[in-house]
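pasted the sequence and its predicted model underneath.
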Amino acid sequence: MKYQVIARKFRPQTFEDVVGQSPIVRTLQNAIEMDRAGHAYLFCGPRGVGKTTTARLLAKALNCAEGPTSKPCNQCPSCQEITAGQSIDVLEIDAASNTGVDSIRELRENARYAPSRDRHKIFIIDEIHMLSTSAFNALLKILEEPPSHIAFIMATTERGKLPATILSRCQQFVFRTIPPAEIQEHLKSIAEQEGIRLGEGALDYVVKAAEGSMRDAQSLLDQIIAFGGQEITDEEVREVLGFIPSDILDRSTEALIARDSKALIEIVEIVVDQGLNLQQFVREFLSRIRDLLLAKLGIAEKILGTPEERKKIASDSKEFSEQDLIRFFDMLLRLENDLRWTSEPRFHLEVGCIKLAKVGQLRDIEEVIRELKNGEGPRTEPTPKTTRRARPAPEPEAPGRRAVEAPARKAEPDVPQPEIRSATESARPEAKTPKQAPKPTPAPPVRPSVEESPTPPRTAPPVSKPAVMVPAKSSLEERFRQKVEEKSPTTALYLERVETVREEEDRIVIEVAAKTVANSLASTEHKQILEAAASELLGKAISVSHIMKKASESATEVTSTTSLRESVKNEALVQSFLDVFRGDIKHVKGAEDSKKESGE
């Protein structure tokens, strides 16, 4: 064809013209100037970043009439023939269509003969990872010890598929994706040379779609020039490349700030009505969340866009926390993958948008644990399960009952539950033993019908957590517990269940009575935290050991599965979790059982 596409017309003809690969270019130029050029090179990297172009430039540098030189003249017959792809001493082989051992055998035969005119006979093998195993084996010997006039330059996009025996015989150069700023600057230069006027955001769309590939960017530029002519607007580029309008992304961000599920559903409807791709919408929304996170971290200059867009994103990022943005990113990432396989992508996207709007109501588990440990209770306190079961139907409240409940809620949210239950039963006229009704003492048993399981009713626990701390503690034990609390509230909760903490020679000994607590503290995560706290406290590397309290001194070990579950369920921390999350215990297992299941 008469017309030559931009990617071929503006292919670099000197090392200085190569964009975004300056370390590789400098290494090759220095090797040529120092007369240290190797006989085998491997260029690997993603598509469209200059691997084949650099291979041709290296061939020019080695065979130029003025060389070997790091600056080919592009005027001698050798340079011109290599540029046109017609040199008989520079052979370009497509390994994708010559995968067999016979092709490599033919190459070996050709390599035996001296070059026809030039200084070297050069083989450029593209997509070399497509060769068969037997072909690779046939290439090994000549690749390691070729004749003095032979040079191999191989290129691949999948370096991992090459045998280690091939890799070890080559000088390897890894081409990186080209930075967006360098692609944008190069495209602007091409547009000026071609006399094309582009809108302010048109190049941003092209660079974003290119994903670090210069050849992709040049091909897209060719495409939008064919669509818009000599003057191209941002809207035309967006329409050709299929990008989501920026106003839709802005509205989506505003709806997310307001946690407005209805607005997000309406945005999905607009995307569908305009015939836009739902997966593309999720991908660009994902990119917007990433930009918000960068702005939140204070590196807004890395965001691709105009200064006004960066300013708007920086302003919106103040409405989110880092944890919220990370959750949004993770949910959108899973949503984008799910849309590939679902038969109803619109419905899937609508439900996903509703989840995004509700994610701000989630609580961090560490925060909930810290509140429970401090005795504050959750911020949004659910109705306790015991109270809900004890009151199957609303009853008029007596003045005496109201007086019992008010101070109890003020003192401790979780503690007075058994008292409320007793007071409720005392107010019911159906009790057959009036002697026990007016006196809510701990002695009278609670009716089994009130509880859903055969578990004995819990008596009112004391305000302080049972067996949490020994009244008299050494200074070392107090400081050790404080240090663990600073590192991990979760580990500190388990540490409160131990009997004693003491120092013996070069270790800290923790004496534990409950087997479940010992198994938890013995896990890798908690043990590392304990040892780190002990080392910081004592100023030297120190280990932490756990010993079980003797049977005569500790409670009898629970052996059956049912009794173990009930034993764990009666612990104050577990009770708090059951009340907050409204769940029940299904299985109880230690850290050792978990390691066996995971195969560690």
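Happy to help now that I have it.

hey, let's count contacts and neighbours off CA atoms from now on
Will do.

per-residue pLDDT, residue 548?
The model reports residue 548 with a pLDDT of 73.

next up, the contacts around it.
Contact analysis of residue 548 by CA atoms under 8 Å, 6 or more residues apart in numbering lists 511, 512, 513, 514, 515, 518.

dump those residues to TSV, plus pLDDT.
Output for those, formatted as TSV (pLDDT from 0 to 100):
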residue	pLDDT
511	82
512	80
513	76
514	75
515	74
518	78
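
among those, which one lies nearest to residue 588?
Nearest to residue 588 out of these is residue 515 (CA to CA; 11.6 Å).

three-state assignment of residue 359?
Assigned by DSSP: H, G, I helix; E, B strand; the rest coil, the conformation of residue 359 is helix.

contact partners for it?
324, 327, 328.

I'd like to know which of those is nearest to residue 199.
If you rank the contacts of residue 359 by distance to residue 199 using CA to CA, residue 328 comes first, at 31.9 Å.

quick check: the closest one is in a helix.
Yes - Residue 328: assigned to a helix according to three-state DSSP.

all numbers from here: first residue = 802
From this message on, residue numbering opens at 802, which makes the last subject residue 1129.

now do the phi/psi pair for the residue nearest to residue 1141 when sequence neighbours are not counted.
Spatially, and ignoring its direct neighbours in sequence, residue 1141 is nearest to residue 1080 (7.8 Å; CA to CA, 6 or more residues apart in numbering). When read as degrees, to the nearest 10, the backbone of residue 1080 gives phi -70, psi -40.

residue 1080: neighbour count?
Residue 1080 sits with 18 neighbouring residues when counted by other CA atoms under 10 Å.

residue contacts, it?
Taking CA under 8 Å, 6+ apart as the criterion, residue 1080 is in contact with 1137, 1140, 1141.

ok, the second one - contacts?
Spelled out, that is residue 1140. 1080, 1146, 1149, 1150.

pull out the buried members of those residues.
Among these, those classed as buried by neighbour count (16 or more other CA atoms under 10 Å) are 1080, 1146, 1150.

measure the residue nearest to the second one when sequence neighbours are not counted to residue 1043 for me?
Counting by CA to CA, 6+ apart, residue 1140 is the residue found nearest to residue 1146 once chain neighbours are left out, at 5.4 Å. Here residue 1140 is placed at a distance of 18 Å from residue 1043 (CA to CA, to the nearest Å).

equivalent analysis for residue 934, please.
Residue 934 is 42 Å from residue 1043, by CA to CA.

likewise for residue 1304?
67 Å.

cool, and residue 1031?
From residue 1031 to residue 1043 the distance is 21 Å (CA to CA).

tell me, how many neighbours does residue 1308 end up with?
Residue 1308 - counted by other CA under 10 Å - has 16 other residues nearby.

tell me the contacts of it?
Contacts for residue 1308 (CA under 8 Å, 6+ apart) come out as 1343, 1344, 1345, 1346.

so which of those residues is the most crowded?
Among the contacts of residue 1308, the one with the most neighbours (other CA under 10 Å) is residue 1345, at 22 neighbours.

quick one: secondary structure of that one?
At residue 1345 the chain is in strand, as set by three-state DSSP.

now do the contacts for the closest residue to it other than its chain neighbours.
What sits nearest to residue 1345 in space, not counting adjacent residues and going by CA to CA, 6+ apart, is residue 1309, at 4.7 Å. By CA under 8 Å, 6+ apart, the contact set of residue 1309 is 1302, 1303, 1335, 1343, 1344, 1345, 1346.

again with residue 851
Contact analysis of residue 851 by CA under 8 Å, 6+ apart lists 819, 976.

residue 807 too?
Taking CA under 8 Å, 6+ apart, we find residue 807 in contact with 1019, 1020, 1023.

one more: residue 892?
Contacts for residue 892 (CA under 8 Å, 6+ apart) come out as 922, 923, 924, 925.

what's downstream of the helix or strand residue 1009 falls within, the next helix or strand?
Using DSSP states H and E, residue 1009 falls within helix 1003-1011. Later in the chain than helix 1003-1011, the nearest helix or strand by DSSP H and E is helix 1015-1029.

packing partners of the very next helix or strand once past that next one?
Later in the chain than helix 1015-1029, the nearest helix or strand by DSSP H and E is strand 1032-1033. Packing partners of strand 1032-1033 (3 or more CA pairs under 8 Å, 6 or more residues apart in numbering; DSSP states H and E): strand 998-999.

the strand it packs on pairs with which strands, parallel or anti?
Strand 998-999 pairs in its sheet with strand 1032-1033 (parallel), by DSSP bridges.

and the contacts of the partner strand?
The contact list for strand 1032-1033, computed with CA under 8 Å, 6+ apart, reads 997, 998, 999, 1000, 1003, 1025, 1026.

again, only this time at 7 Å
997, 998, 999, 1000 (CA atoms under 7 Å, 6 or more residues apart in numbering).

can you check stretch 830-839 too?
Contacts to stretch 830-839, defined as CA under 7 Å, 6+ apart, come from residues 869, 870, 871.

so what would you say the end-to-end distance of stretch 1310-1329 is?
Terminal residues of stretch 1310-1329 are spaced 15 Å apart (CA to CA).

hey, what's the residue nearest to residue 1299 when sequence neighbours are not counted bridged with?
The spatially closest residue to residue 1299, leaving aside those adjacent along the chain, is residue 1313, at 4.7 Å (CA to CA, 6+ apart). Beta-bridge pairing for residue 1313 (DSSP bridges): residue 1349.

what residues sit buried inside the helix or strand where residue 1112 lies?
In this assignment (DSSP H and E), residue 1112 forms part of helix 1108-1118. By 16+ other CA under 10 Å, the buried positions in helix 1108-1118 come out as 1111, 1114, 1115, 1117, 1118.

where does the protein have low pLDDT?
Residue ranges of the chain with pLDDT under 70: 802, 1161-1165, 1167-1168, 1176-1275, 1350-1366, 1383, 1387, 1391-1401.

give me the domain ranges for it.
According to automatic domain parsing, the chain comprises the domains 807-975, 981-1042, 1047-1162, 1276-1349, 1362-1399.

could you dump these to JSON lines with distance to residue 1172?
Below are the domains of the chain laid out as JSON lines (distance: least, CA to CA, whole Å):
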{"stretch": "domain 807-975", "distance to residue 1172": "50"}
{"stretch": "domain 981-1042", "distance to residue 1172": "45"}
{"stretch": "domain 1047-1162", "distance to residue 1172": "17"}
{"stretch": "domain 1276-1349", "distance to residue 1172": "10"}
{"stretch": "domain 1362-1399", "distance to residue 1172": "11"}
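
to residue 1173, which of those lies closest?
Among those, the nearest to residue 1173 by CA to CA is domain 1362-1399 (7.1 Å).

ok, residue 952 - contacts?
For residue 952, the contact set (CA under 7 Å, 6+ apart) comprises 840, 841, 922, 923, 924.

measure the spatially most central residue of the chain to residue 1156 for me?
By CA atoms, centre = their mean, the chain has its centre lying nearest to residue 1131, at 7.2 Å. To residue 1156, residue 1131 is 12 Å away according to CA to CA.

now residue 844: phi and psi?
phi -100, psi 120.

please consider this matter closed, and thank you.
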